[in-house]
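Student: no sequence on this one, just coordinates:
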Ligand code: PRP
Ligand code: URA
């Protein structure tokens, strides 16, 4: 588990937490913060030796070796996708639609479309790791579809969600900008930042 405490990441996170941040700024900050998280999440990405001819001479370098797949969990994970596509233009993208029940907090899957995953490094994107129900279900789905090397990228995690993930998917590393105090009675992360999907898409009541 990696908590990205880079000063810029913490600066951007506080802006997301601020209830006065409007959706247009919330989207922009989410993208910038995801870029930082992905830099950390891919720091050990495998590379292979290659060479090019500069205008002066031939030189050695390294190229990304493995295919990369990003799987945003709808809706909120969509806010993280642009950053990944800009950093890795050849990324393949799968989608998982999961919605948490307001009373039981159990997720149900309403959509799944995944590319081939078996030889790829797969990054599941969901900004909020609360009870961990959605993340563990998503990881189950990508593994059932063949994913072997999987990483979870979130923005705010609760200790309960981290524990749930470690219990069911000990092989999956989590990269996040914060681990907060816990969950409230509605299973929202506290202090958290509220409902990420609503703040991203302007659907707050
Ligand atoms: C939110 C969030 C996560 C999930 C986290 O999604 O984006 O997917 O809750 O909670 P958990 O760890 O307790 O499962 P939500 O179900 O509200 O759907 P939305 O993104 O469509 O708003
Ligand atoms: N989903 C969110 O968007 N926020 C939380 O705090 C918990 C679940």
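Tutor: Arrived safely. Source: prediction; values computed, not measured. Ligands and ions are numbered 1, 2, ... in the order given.
Student: how far away is residue 160 from ligand 1?
Tutor: 8 Å (CB to the nearest ligand atom, to the nearest Å). Using the backbone N, CA and C atoms, a C-beta is placed for each residue, glycine as well.
Student: How many neighbouring residues does that residue have?
Tutor: Using other CB atoms under 10 Å as the criterion, residue 160 is surrounded by 17 other residues.
Student: hmm, whichever strand or helix holds it in reach of ligand 2?
Tutor: According to DSSP states H and E, residue 160 maps onto helix 159-168. No. Judged by CB under 6 Å from any ligand atom, helix 159-168 stays clear of ligand 2, getting no closer than 8.8 Å.
Student: and the gap between the residue of the chain positioned farthest from its centre and ligand 2?
Tutor: Distance to the chain centre peaks in the chain at residue 56, reaching 41.1 Å (criterion: CA atoms, centre = their mean). When distances are taken as CB to the nearest ligand atom, residue 56 and ligand 2 turn out to be 53 Å apart.
Student: ok now do that residue, which residues does it touch?
Tutor: Residues near residue 56 by CB atoms under 8 Å, 6 or more residues apart in numbering: none.
Student: hang on, it is in a strand, isn't it?
Tutor: No. With DSSP: H, G, I helix; E, B strand; the rest coil as the criterion, residue 56 is assigned coil and is not in a strand.
Student: so which strand or helix has the closest residue to ligand 1 within the chain?
Tutor: In the chain, no residue comes nearer to ligand 1 than residue 197, which is 2.8 Å away by CB to the nearest ligand atom. Under the criterion of DSSP H and E, residue 197 resides in helix 196-201.
Student: What segments of this structure are helices?
Tutor: With DSSP state H as the criterion, the chain has helices at 7-17, 23-41, 78-87, 133-144, 159-168, 196-201.
Student: Can you give me the distance of the closest residue to residue 78 other than its chain neighbours to residue 54?
Tutor: Closest residue in space to residue 78, ignoring its immediate chain neighbours: residue 72 at 5.2 Å, by CB to CB, 6 or more residues apart in numbering. Separation of residue 72 from residue 54 (CB to CB, to the nearest Å) stands at 38 Å.
Student: And the two? Which one has more around it.
Tutor: residue 72 (25 against 7).
Student: For the nearest residue to residue 165 once chain neighbours are set aside, which residues are in contact?
Tutor: Of all residues not flanking residue 165 in the chain, residue 132 sits nearest, at 5.1 Å (CB to CB, 6+ apart). Residues near residue 132 by CB under 8 Å, 6+ apart: 158, 160-165.
Student: what about residue 17, neighbour count?
Tutor: Neighbours of residue 17 (other CB under 10 Å): 15.
Student: Just the pLDDT at the nearest residue to it once chain neighbours are set aside, thanks.
Tutor: Distance criterion CB to CB, 6+ apart; nearest residue to residue 17, sequence neighbours excluded, is residue 193 at 4.6 Å. Residue 193 is assigned 98 on the pLDDT scale.
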